[in-house]
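K.L.:
Next input, structure requested:
(chains A and B)
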Amino acid sequence: GAVVSQHPSRVICKSGTSVKIECRSLDFQATTMFWYRQFPKQSLMLMATSNEGSKATYEQGVEKDKFLINHASLTLSTLTVTSAHPEDSSFYICSASPTITEAFFGQGTRLTVV
Amino acid sequence: GQQLNQSPQSMFIQEGEDVSMNCTSSSIFNTWLWYKQDPGEGPVLLIALYKAGELTSNGRLTAQFGITRKDSFLNISASIPSDVGIYFCAGYPVGGSNYKLTFGKGTLLTVNP
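P.N.:
The predicted model follows:
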């Protein structure tokens, strides 16, 4: 299957700082990528759709100024958690699709805000 | 948003046993996907289904796209300890946004050696 790489896999940051998470499609181009958040023992919750060359589309209840998304190329989307607080601690996962019929996920990023 | 009804929520089985889990929806889907997620990792695609009635295998895993297009099941035969993890069904509903997946809540599988 297609490969989606996410970096870093773990990050610890101080409250009030910003953290950037990268999502790359390694062997295909993706005009659209997705960012999810996952709480312990729960399913994936879609946060936003990242669109290459245009603004991201955010799901209801997700603060776009808190979670900045940039999709500057066909193989890279970034999620920046701005002014992070402990409640932002979570597991963040990206996905991308080489076709409209399947999706591949990154390894996930465990964010801990202290 | 729309969610898939996935059951069971959790399963505890002995090594060697077969496992079955399923997903249902009130809406019609044109694609069903089954994923496995290990702790601290992203979901990994196991099987993809594209046509009603389609039955597809991947090693000890078999999944089927329901005839009504509103359900799918995943079977694991002769389970082994490394089958432990969370299994998610997901799909693209007919009339839904392009590329945007709908997920089930997951089935936590525990295999006792």
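K.L.:
Bridged to the closest residue to residue A:75 other than its chain neighbours, which residues?
P.N.:
Leaving aside its chain neighbours, residue A:75 sits nearest to residue A:25 (4.9 Å; criterion: CB to CB, 6 or more residues apart in numbering or on different chains). From N, CA and C alone the C-beta is placed, and that goes for glycine too. Beta bridges link residue A:25 to residue A:4, judged by DSSP bridges.
K.L.:
Any stretches of chain A with poor pLDDT?
P.N.:
Nowhere does chain A drop to pLDDT under 70.
K.L.:
Show me which residues of it sit near chain B.
P.N.:
Contact residues (CB under 8 Å from any CB of the partner chain) of chain A with chain B: A:1, A:4, A:6, A:32, A:34, A:41-44, A:46, A:49, A:59, A:91, A:93, A:95, A:97, A:100-108, A:110.
K.L.:
Among these, the buried ones, what's the PyMOL command?
P.N.:
Of those, the buried ones can be selected in PyMOL as follows, counting by 16 or more other CB atoms under 10 Å in any protein chain shown:
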select buried, chain A and resi 4+6+32+34+43+44+46+49+59+91+93+95+97+102+103+104+105+106+107+108
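K.L.:
which ones are touching the closest residue to chain A within chain B?
P.N.:
Nearest to chain A, among the residues of chain B, is residue B:42, at 3.8 Å (CB to the nearest CB). By CB atoms under 8 Å, 6 or more residues apart in numbering or on different chains, the contact set of residue B:42 is A:4, A:6, A:93, A:95, A:105-108.
K.L.:
and the closest residue to residue B:104 other than its chain neighbours, how far is that from residue A:35?
P.N.:
Nearest non-adjacent residue to residue B:104, counting by CB to CB, 6+ apart: residue B:6, 3.0 Å away. As judged by CB to CB, to the nearest Å, residue B:6 and residue A:35 stand 22 Å apart.
K.L.:
just to revisit the earlier point, immediately after the helix or strand hosting the residue nearest to residue B:104, which helix or strand?
P.N.:
Here residue B:6 sits within strand B:5-7, counting by DSSP states H and E. Once the chain leaves strand B:5-7, the next helix or strand it forms, by DSSP H and E, is strand B:10-14.
K.L.:
And that following strand, what's buried?
P.N.:
B:11, B:13.
K.L.:
What strands flank that strand, and is each parallel or antiparallel?
P.N.:
Partners of strand B:10-14 in its sheet, by DSSP bridges: strand B:107-112 (parallel).
K.L.:
if I pick the residue in chain A that chain B sits nearest to, what's in contact with it?
P.N.:
For chain A and chain B, the shortest gap (CB to the nearest CB) falls at residue A:105, measuring 3.8 Å. Shown in contact with residue A:105 (CB under 8 Å, 6+ apart): A:4, A:93-95, B:35, B:42-45.
K.L.:
give me that answer again for 7 Å
P.N.:
Shown in contact with residue A:105 (CB atoms under 7 Å, 6 or more residues apart in numbering or on different chains): A:4, A:93, A:95, B:42-43.
K.L.:
How about residue A:19?
P.N.:
Residue A:19 neighbours (CB under 7 Å, 6+ apart): A:11, A:13, A:80-81, A:84, A:111.
K.L.:
Residue B:28 too?
P.N.:
Residue B:28 neighbours (CB under 7 Å, 6+ apart): B:69-70, B:93-94.
K.L.:
one step back: ok, what's across the strand from the residue nearest to residue B:104?
P.N.:
Note on residue B:6: beta-bridge partners residue B:23, judged by DSSP bridges.
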